[in-house]
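# kindly generate the corresponding structure for this input.
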Amino acid sequence: MPSELASAFCLDPTITFLNHGSFGACPRIVLESQQRFRDQLEREPVRFFMRELEPLLDVSRRALAVFLGADEEGIAFVANATTGVNAVLGSLELGPGDGLLVTDHAYNACRNALDFHAQKRGAEVAIARLPFPLEDPEQIVESVLSSVTAKTRVALLDHVTSQTGLLLPLERLVRELDARGVDTLVDGAHAPGMVSLDLAKLGAAYYAGNLHKWVSAPKGAAFLYVREDKRAAVRPAVISHGANSPRKDRSRYLLEFDWQGTNDPSAVLAVPDAISAMAALVPGGFPAVMQRNRSLALSARATLCDALGQGPPAPDSMIGALAVVRLPDAMTDALPLVDPIQDELFHRFRIEVPVMPWGSPKRWIRISAQVYNDESDYTYLARSLREVISR
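Here you go, the predicted structure:
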């Protein structure tokens, strides 16, 4: 039986949807907000883009700044976190001998971007191997810091790892890396809306985050936050009209990111309504939403661990609203695009949940917890999973 909050979303009620982490899901009321902005655009496109859009973007930016604990002048809207990561990497002045650091848990798209820009400029990429399963976040800190050398200039770190669902000890890592003269570029794709953020206090040089995941904004809503001392050097991945704008009333940073040609900005403009809509679903607002989802993820992980005879692969302190549990090893490294277990769970039981390859030939099932889920979803998954594995 779905959560009583499921009716707020457009999800297919015949599917047990346990994969919010991949692409999110948007409440109906937020989609209605987005459509109002689309209607406003189409009623008079010239007026919208030339006169109305910039003030509307500022409204979204202010609301998001409060939510993120950030200086609003540092918030640029982008299509997704990967675009933000690419903008930063493309703006770095790198050359032969410079070092970039990344972990082996990095999101594939952002790792590809890192390798591309490093190869293009002759920079070197070092990989911090994070232990997994692990018992203490200190193991993460030790692995990352031991990989820093005199050449390291920037570290690309996930706030929440995609394939393994780990909440990294980011505050400690940013502080320790900064003390070593290393800037941190955070891939925060999953963090906004999953964990409380205070980006000004965190102090990372660069932070890219998605809003279509745990904030449940429409697809195409994401941001790049750049610390004040770094903003002048950061350019968008697409260079457009703002590059030679004569205006002096806005920063070059905002002029470039806010106007990159004709697109549909309605997802970004609906962000304030997404924040308020999600906060209204649970008494206590967004902090209560995040706590509810974390508690549900931990409970669901325990249910799956019991069903599969597995121990948890990471301490509770490293779990947000994503969690993974180990499945029986695959027979081969050459897994298909969609794992057979994932396929069978979908087609036989109408459960949408990802099976992640990690290690060789290990695989993991990754569960998400959002307000439209409840305990019964995971007991149903555990029962179905046992049946699939026992065949």
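
# and the longest helix along the chain, what other elements does it pack with?
Counting by DSSP state H, the longest helix found in the chain is helix 285-308. Counting contacts by 3 or more C-beta pairs under 8 Å, 6 or more residues apart in numbering; DSSP states H and E, helix 285-308 packs against helix 271-280, strand 322-327, strand 363-368, helix 375-390. Backbone N, C-alpha and C define where each C-beta goes, glycine included.

# now for the ones you listed, which one comes closest to Leu298?
Closest approach to Leu298 among the helices and strands packed on helix 285-308 (C-beta to C-beta): strand 322-327, 7.1 Å.

# export the helices and strands packed on helix 285-308 to a markdown table and append columns for mean neighbour count, mean pLDDT and distance to Thr103.
A markdown table is the format used below for the helices and strands packed on helix 285-308 (neighbours: other C-beta atoms under 10 Å; pLDDT from 0 to 100; distance: least, C-beta to C-beta, whole Å):
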| stretch | mean neighbour count | mean pLDDT | distance to Thr103 |
| --- | --- | --- | --- |
| helix 271-280 | 21 | 98 | 29 |
| strand 322-327 | 25 | 97 | 16 |
| strand 363-368 | 24 | 96 | 17 |
| helix 375-390 | 16 | 96 | 28 |
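
# and the ones you listed: which comes nearest Val141?
For these, proximity to Val141 was assessed by C-beta to C-beta; strand 322-327 is nearest, at 20.5 Å.

# now the angle between helix 375-390 and that closest one, please.
Compare the direction of strand 322-327 with that of helix 375-390 by axes from the mean of the first three to the mean of the last three C-alpha atoms, to 10 degrees and you get 20 degrees.

# which SSE is immediately downstream of strand 322-327?
Proceeding N to C from strand 322-327, the next assigned helix or strand is helix 340-349, under DSSP states H and E.

# Gln260 reaches Pro236, doesn't it?
Yes: between Gln260 and Pro236 there is a contact under C-beta atoms under 8 Å: 6.1 Å.

# quick one: which of these two has more around it?
Shown here are Gln260 and Pro236; by other C-beta atoms under 10 Å, Pro236 has more neighbours (23 against 18).

# helix/strand/coil for the more buried one?
Under the three-state scheme (DSSP: H, G, I helix; E, B strand; the rest coil), Pro236 adopts coil.

# could you check the pLDDT of it?
At Pro236, the model reports a pLDDT of 97.

# what does stretch 375-391 rub up against?
1-2, 16, 18, 296, 299-300, 303-304, 306-308, 327-328, 341, 344-345, 348-349, 351, 353, 365, 367 (C-beta atoms under 8 Å, 6 or more residues apart in numbering).

# hmm, Ser143 is touching Phe132, no?
No: Ser143 is beyond contact range of Phe132, at 10.3 Å (criterion: C-beta under 8 Å).

# the more surrounded of the two?
Phe132 (20 against 17).
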